[in-house]
Each structure stands twice: as C-alpha cells, then as structure tokens.
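Novice: Quick one, fold the following:
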Amino acid sequence: MSVLTPASEVILRHHEQFRSHHLLFAGDLQDNLATEIEAASVRVHTTQYHHWQSLIRQLGDNVWFGLVADSEFIKGCDTLIYYWPKSKQEARFQLRNLFSILPPGTDIFIVGENRSGVRSIDKLMEGIATFRKIDTARRCSLFYGQLKDQVQFDQNNWWNSYQVEDIAVNTLPGVFSQDNLDIGSRLLLSTFDTPISGSLLDMACGAGVLAAVLGKKNPDLSLTLSDVNAAAIVSSKATLQANKLKGNVVTSNVYSAIEEKFDWIISNPPFHDGLKTNLAAAENMIRMAPNYLKSGGKLRIVANAFLPYPNLLDNAFGSHEVIAQTGKFKVYQATKK
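Specialist: Residues are numbered from 1 along each chain as shown. Predicted coordinates:
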C-alpha cells in the first residue's frame, strides 16, 4: 500500500462500510487511496492535473480532471468521499457543484485536517445537508451526512475581479491570490522596470496576473501561461480575454506539457501541496529550467527568503543573483550561459 495521508488513514478506519458502495472521490486528494480501497466501483474527480497524472495509470477512464464535475462521469455514484482543501471558498464551490449533480440520498463523507477549517462544514452547508462528526484521529476529523436535495450551481456566480495597475484580474475559488495581488508577486513585477521582448513562460501562473501585466507593458512579448490547477487555467484565460491579450494557456505539471524554449521563465512558485510544505514542483522548475530557455534566456522567480533555492539555482545554472529583496522575500535571477 502506498503512503497515505492522515486524512486517508481516518477514511480507512471505516473501510468495511464502503465495500458495496459506488464511490466518488473528490476534493484535495493527496495520495492514491482511491486505487487501493475496496468498493463496488471507484471514480475520482480532481481539479489538480498532477493528481490526475498519478491516478490515471491505475484508474484510466475512472479519473476525471476538470474545474467542474461531469454529470455523466459521476452517474451511478452513491457515496461521496470529499477531502477538504485549505480554502473554505474552494470547498463551497466544489461541494455545491457536486451537490447540483449527485442525487438526493447520496452518502457524503467529508474528511480533513482540523487546521484546514473542516469543522465549519455544518455552517457552510446549512440547509443543504446536516453533518455529524463520526471520527477524529491524526489531527483530522471525519463527518457524515446525506444530501437532502440537489442545489443550484452556476459557475458564473463565483467570479471575483480586482485591478493590478491597468489590468483586470479574474479569479475563481482555489486560485492563488484570489482576492488581491500577493506581496511576493508585486515585488517580482517591480523588478521589470525596463522593456523586455521575446517569449515568456509564466509558470504556476495562478490567475495570470504576472503574464498579463508584462504583456500589457510589452505588446510584442509572446505569452505562455501554465498551471496544474483547473481553476487557475480557467481564470488565466479569463484574465487574458478581459485585457484583450493573446497567450497560450497550458495545463502542465511543471514542464510536462511544455515543448518550446523561452527567453524568459518567471514564477512565484508554490511551496505547498494542500496544507503540506512541498518543494518538489519548485525544485523541478529550477533544475530543468535551462532545458526550456534559449541561450541567454533568464529565469526570474520570487520566493520566501528562507527557502533553499540559491544552491538549486547554482547547480542548475552555475550562478545566480538576487535582484530585489525585502525582509521576507527575495527575487532571484539566473541566466542560461
């Protein structure tokens, strides 16, 4: 059996009651429990492309990647196992989407780390389903309820917008910097104080704000944006469209779907997967960056100052420079020789 998260270990304490059920896994999955649990059938809906990549090898067509659930895909599922994400707004978005498709009477199991806010489930789902805690262990809680009635869900009602300079940023729940531009990204943008040209890859693009701001200032810049999060992909496309900018938005796990080389790679790379610290994506981005840069091309990233990126940059590029810093953040640049 693969290494399981504490949340999955709590689910497994109840495995006997799932054996005759048709399960739908959704939410912030962090492991491969769905491939190992005994059940009449198992399907997985995930909004994270790297989780889809991990699961498809064993589940094939029984795993679905996308922002919203597909009614045909989840048809026949009678039990939902939902992993609570760190964003309550993202949980509301995903659960209301699922509850608009799953039939009344569906058994619902919701599990999450206590620090994630999962214990607010009753308040967030008031009037839709009543939940009671049925287990607690490993600093996680498991809740059970039954869907009373299908709810209405319209993705268009969940958009948020804000301005960065003259750029309109459009975001959906679950996207980094959903409500306003974070301090790190603002510092990174401040370092582009002269015009740039050529081709640019905005990796882990979120709502596409970095690429959009730089694209507006540099009209001849060729833009590519990539992310693993389905909400980020949809948000980035909406941000580009709102600002009448052209760009290629790619669903990619680091460089898995990137085929060309660039003059610039920029990023405010994530260092969490859910609530856990996880540097794997950032480390791979730095280590493999020279393969995706043209000669003389530059990698420019912003990161919390305590993260161990200087050695990674030196190993990948031979050297690096710090071009801006505050007490909390540093902006690193490395050039392909």
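Novice: Can you pull the poorly scored residue ranges out of the stretch 1-150 of the chain?
Specialist: Counting by pLDDT under 70, the low-confidence segments of the stretch 1-150 of the chain come to 1-2.
Novice: Sketch out the strands for it, chain order is fine.
Specialist: If DSSP state E, counting those that start in this stretch is used as the criterion, the strands of the stretch 1-150 of the chain fall at 22-27, 41-46, 63-65, 79-83, 107-113, 132-137, 140-146.
Novice: Now do the nearest residue to residue 18 once chain neighbours are set aside against residue 78, distance only.
Specialist: Closest residue in space to residue 18, ignoring its immediate chain neighbours: residue 39 at 5.0 Å, by C-beta to C-beta, 6 or more residues apart in numbering. All C-beta atoms are positioned from the backbone trio N, CA, C, and that covers glycine. In this structure, residue 39 and residue 78 are separated by 10 Å, where distance is defined by C-beta to C-beta, to the nearest Å.
Novice: between those two, what contacts are shared?
Specialist: For the pair residue 39 and residue 78, residues contacting each of them under the criterion C-beta atoms under 8 Å, 6 or more residues apart in numbering are 21, 22.
Novice: Is residue 56 in contact with residue 64, as I believe?
Specialist: No. If you go by C-beta atoms under 8 Å, residue 56 and residue 64 don't touch, sitting 9.7 Å apart.
Novice: okay, these two: which has more neighbours?
Specialist: Neighbours were counted for residue 56 and for residue 64 using other C-beta atoms under 10 Å; residue 64 has more, 21 against 16.
Novice: and the gap between the spatially closest residue to residue 13 that is not a sequence neighbour and residue 160?
Specialist: Spatial nearest neighbour of residue 13, chain neighbours left out: residue 135 (6.2 Å); criterion: C-beta to C-beta, 6+ apart. With distances taken as C-beta to C-beta, residue 135 is found 35 Å from residue 160.
Novice: what does stretch 165-172 contact?
Specialist: So stretch 165-172 is in contact with 67, 93, 155, 158-163, 177-179, 181, 206-209, 212-213, 216, 231, 234-235, 238-239, 242-243, going by C-beta under 8 Å, 6+ apart.
Novice: May I see the buried residues of it?
Specialist: By neighbour count on 16 or more other C-beta atoms under 10 Å, the buried set for stretch 165-172 is 167, 169, 170, 171, 172.
Novice: Show me the beta-bridge partners of residue 298.
Specialist: When bridges are assigned using DSSP bridges, the partners listed for residue 298 are residue 264, residue 335.
Novice: ok, how many other residues are close to it?
Specialist: Around residue 298 there are 20 other residues, counting by other C-beta under 10 Å.
Novice: quick one: it and residue 332 touch, right?
Specialist: No. No contact is recorded between residue 298 and residue 332 when judged using C-beta under 8 Å, the distance being 10.4 Å.
Novice: How far does stretch 248-263 stretch from one end to the other?
Specialist: With C-alpha to C-alpha, to the nearest Å as the measure, stretch 248-263 spans 15 Å from end to end.
Novice: how much space is there between the residue nearest to residue 13 and residue 45?
Specialist: Here the criterion is C-beta to C-beta. By it, residue 135 lies 23 Å from residue 45.
Novice: who has more neighbours, those two?
Specialist: When residue 135 and residue 45 are compared for neighbours, residue 45 comes out ahead with 26 against 15, by other C-beta under 10 Å.
Novice: Relative to residue 134, how far out is the residue nearest to the spatial centre of the chain?
Specialist: The centre of the chain sits closest to residue 229, judged by C-alpha atoms, centre = their mean, with a distance of 3.6 Å. With distances taken as C-beta to C-beta, residue 229 is found 30 Å from residue 134.
Novice: Just the C-alpha atoms of stretch 37-54, please, in CSV.
Specialist: In CSV, the C-alpha atoms belonging to stretch 37-54 read as follows (Å, rounded to 0.1, in the frame of the first residue of the first chain):
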residue,chain,number,x,y,z
ILE,A,37,-9.8,0.9,-1.3
GLU,A,38,-12.2,-2.0,-1.7
ALA,A,39,-15.6,-0.9,-3.2
ALA,A,40,-18.2,-1.8,-5.8
SER,A,41,-16.7,0.9,-8.0
VAL,A,42,-14.4,3.9,-7.6
ARG,A,43,-14.3,7.2,-9.6
VAL,A,44,-12.2,10.3,-8.9
HIS,A,45,-12.9,13.9,-9.9
THR,A,46,-9.8,16.1,-9.4
THR,A,47,-9.0,19.7,-10.2
GLN,A,48,-5.3,19.1,-9.9
TYR,A,49,-3.5,17.9,-13.0
HIS,A,50,-0.6,16.3,-11.2
HIS,A,51,-3.1,14.2,-9.1
TRP,A,52,-4.8,13.1,-12.3
GLN,A,53,-1.4,12.1,-13.8
SER,A,54,-0.7,10.0,-10.7
